[in-house]
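Undergrad: sequence plus the predicted model coming up.
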Amino acid sequence: MAGTGSFLIIVGFDGSEHSQAALAWALDEAPRRNGQLRLITAWNKPAMAWYPAVLETAAGEIAAEASPEQIARTLQNEALKSAEDAGVPAAGQLVNTHSPASAILDAANDADLIVIGSRGHGGFPGLHMGSVSAQVVNYAQCPVLVVHTRA
């Protein structure tokens, strides 16, 4: 158990439908365990990318595209707002990394539970479990709950 006297739940959150379900589960469970959440959102700047990207729309208008970090920050702020609305203590951590699984595992050193969605934004929608959730399940030092969305 975490040294704070509170049950610490790590939630991997990328804004996907599955991570939304994981967050909802954690928000429901945390009060039952005198718990608090630590939301981990990983982001990465693609190779050869520069931001902010400026695009021209079909109507000839100029539009700026948000950076991966800005998108991650916005997603995490929305999740933190959900926790606040639910009355659940929560903190967020943005991690610039090529490995979201490593970011979650590193953040979980003092955790009592990790809650993650079964898959994120990856390109293989037929899989029951994505690569990040599989890595976390295999290497975590605490229990892991993998949340699937409802069919």
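TA: Received it, and whenever you're ready, just let me know what you need. Residues are numbered from 1 along each chain as shown.

Undergrad: all helices for this protein, in order.
TA: 17-29, 68-86, 100-107, 131-139 (DSSP state H).

Undergrad: to Leu8, which of those helices lies closest?
TA: Among those, the nearest to Leu8 by C-beta to C-beta is helix 100-107 (9.8 Å). Using the backbone N, CA and C atoms, a C-beta is placed for each residue, glycine as well.

Undergrad: what does the closest one contact?
TA: With contact meaning C-beta atoms under 8 Å, 6 or more residues apart in numbering, helix 100-107 is reached by 10, 12, 14, 38, 40, 42, 93, 95, 97, 114, 116, 120, 131-132, 135-136, 139-141.

Undergrad: what's the end-to-end length of stretch 138-149?
TA: The straight-line separation of the ends of stretch 138-149 (C-alpha to C-alpha, to the nearest Å) is 21 Å.

Undergrad: sheet partners, orientation included, of the biggest strand by length in the chain?
TA: Ranked by residue count, the top strand of the chain under DSSP state E comes out as strand 35-43. Paired with strand 35-43 in the same sheet, following DSSP bridges, are strand 7-12 (parallel), strand 90-96 (parallel).
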